[in-house]
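Novice: Return a 3D structure for these sequence lines:
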Amino acid sequence: QVQLVESGGGLVQPGGSLGLSCVGSGFTWNSYAIGWFRQAPGKEREGLVCISSSDSPVYYADSAKGRFNVARDNAKNTAYLQMFRLNSEDTAVYFCAARYTDCSDYVPHYNYRGQGTQVTVAS
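Specialist: Numbering: from 1, shown residues only. I've put the predicted structure just below:
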């Protein structure tokens with residue numbers, strides 16, 4: 001059974017930092033690119049960043065460049081999204097998705113996706 005499970009969401013103050021994790025199981029983790037996306041109420045789903053199966057980051061959103069870092073630990077079947085200098089515009093449900101081999105900023109291109117974790121930026 002394929003699973004992608006995100007964790008690490010929560011409430012953070014403006015200007016703060018937060019780290020998310022994405023753990024995969026049931027598929028050959030090392031062969032998949034892992035993308036991070038977010039969905040805020042009333043807004044379109046946004047592709048943020050992806051880390052390829054060869055461990056190369058690909059940034060899609062200008063809002064993520066310079067503030068978000070992506071990494072993966074293949075030994076743990078885990079991908080990470082580190083977010084800095086958060087603001088209210090970053091409030092959203094964040095989810096990860098897995099795509100065989102290559103990155104994409106289009107969720108339907110991905111083979112699997114998680115349920116997401118809520119990130120709320122507020123004082």
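
Novice: residue contacts, the closest residue to residue 14 other than its chain neighbours?
Specialist: The shortest distance from residue 14 to any non-neighbouring residue, by C-beta to C-beta, 6 or more residues apart in numbering, is to residue 87 (5.4 Å). Every C-beta, even on glycine, is put in place using the N, C-alpha and C of the backbone. Counting by C-beta atoms under 8 Å, 6 or more residues apart in numbering, residue 87 touches 14, 15, 121.

Novice: Residue 98: which of those residues is nearest?
Specialist: residue 121 (26.3 Å; C-beta to C-beta).

Novice: what's the distance between residue 54 and residue 66?
Specialist: Distance of residue 54 to residue 66, given as C-beta to C-beta, to the nearest Å: 23 Å.

Novice: For the residue nearest to residue 14, give me the backbone phi and psi.
Specialist: Dihedral pair for residue 87: phi -140, psi 180, per degrees, to the nearest 10.

Novice: list the helices and strands the helix or strand of the chain with the lowest mean pLDDT packs on?
Specialist: Ranking every helix and strand in the chain by mean pLDDT, DSSP states H and E puts strand 57-59 at the bottom, with a mean of 94. Packed against strand 57-59 by the contact rule (3 or more C-beta pairs under 8 Å, 6 or more residues apart in numbering; DSSP states H and E) you find strand 46-51, strand 68-73.

Novice: among those strands, which is nearest residue 31?
Specialist: Taking C-beta to C-beta, strand 68-73 is the member of those nearest to residue 31, at 12.1 Å.

Novice: following the closest one, which helix or strand shows up next?
Specialist: strand 78-83 (DSSP states H and E).

Novice: in its sheet, what does that next one sit against?
Specialist: Using DSSP bridges, the strands paired with strand 78-83 are strand 18-25 (antiparallel), strand 68-73 (antiparallel).

Novice: what's the spacing between the residue nearest to residue 14 and residue 35?
Specialist: Going from residue 87 to residue 35 by C-beta to C-beta gives 22 Å.

Novice: Low-confidence stretches in this protein?
Specialist: Scanning the chain for pLDDT under 70 picks out no residues.
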